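Q: One predicted model, sequence on top.
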Amino acid sequence: MIEGDDLHPAGNVEKMRRGEPLTDADRWPWLEALAQAARRGLAGPEGSEGLILTCSALRRVYRDFLREVMPGGLRFVFPIVSRDRLMERVTTRSHAYFPPELLASQLAAFEQPGAGEPDCLLVDGERYLDAVVEEVMAKLGRS
């Protein structure tokens, strides 16, 4: 498992700490770092079992980039969660640099996957994590 937040360049982290939303220009080096880390993880001894990479692939162009540079079999999982629940989660979690004020910019940038993205799984993210994981594993054909 790779936590995408751990791969943000220092400039992105500082920008978010100040409450400034990231731009596309800020996100591209991060997306490249995600792809490199995922390729290394898949090439490693545990890579044959697959890999989970957590990240906010907010826009179609970001997902298209990851599809292009990653090996086959890539799947995206999008938990569908209400704005109120997201705000509740962001304000109650401990995160080193993502203030709740940035949620609005994330939601504004988000492009929900459509019919042209069959590798995207939309799941009910309002439920407890165990239920979400169970649904995702079932949809991926794993137990």
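A: Yes, it's here.
Q: Nearest the geometric middle of this protein, what residue?
A: In the chain, the centroid-proximal residue (Cα atoms, centre = their mean) is Cys55; its distance is 2.2 Å.
Q: Which residue, other than its chain neighbours, is closest to it?
A: Gly4 (3.2 Å; Cβ to Cβ, 6 or more residues apart in numbering). Using the backbone N, CA and C atoms, a C-beta is placed for each residue, glycine as well.
Q: Please report the distance of that neighbour from Ile52.
A: Distance, Gly4 to Ile52, using Cβ to Cβ, to the nearest Å: 10 Å.
Q: Who has more neighbours out of these two?
A: Remark: of Gly4 and Ile52, Gly4 carries more neighbours, 17 against 11, as counted by other Cβ atoms under 10 Å.
Q: any idea how far Cys55 is from Gly114?
A: Separation of Gly114 from Cys55 (Cβ to Cβ): 19 Å.
Q: show me the contacts for Pro100.
A: Contacts here follow Cβ atoms under 8 Å, 6 or more residues apart in numbering; on that basis Pro100 touches 87, 90-91.
Q: of all the residues you listed, which comes closest to Val132?
A: Each of the contacts of Pro100 was scored against Val132 by Cβ to Cβ, and Val90 proved nearest at 17.2 Å.
Q: Is Asp130 in a helix, a strand, or coil?
A: Look at Asp130: counting by DSSP: H, G, I helix; E, B strand; the rest coil, its state is helix.
Q: you'd agree Asn12 is in a helix?
A: Yes. Assessed by three-state DSSP, Asn12 belongs to a helix.
Q: so what pLDDT did the closest residue to it other than its chain neighbours get?
A: The shortest distance from Asn12 to any non-neighbouring residue, by Cβ to Cβ, 6+ apart, is to Asp26 (5.3 Å). As predicted, Asp26 sits at a pLDDT of 95.
Q: if we look at the sheet, which residues does Phe78 bridge to?
A: Beta-bridge pairing for Phe78 (DSSP bridges): Leu122.
Q: measure it to Leu140 for me?
A: Distance of Phe78 to Leu140, given as Cβ to Cβ: 14 Å.
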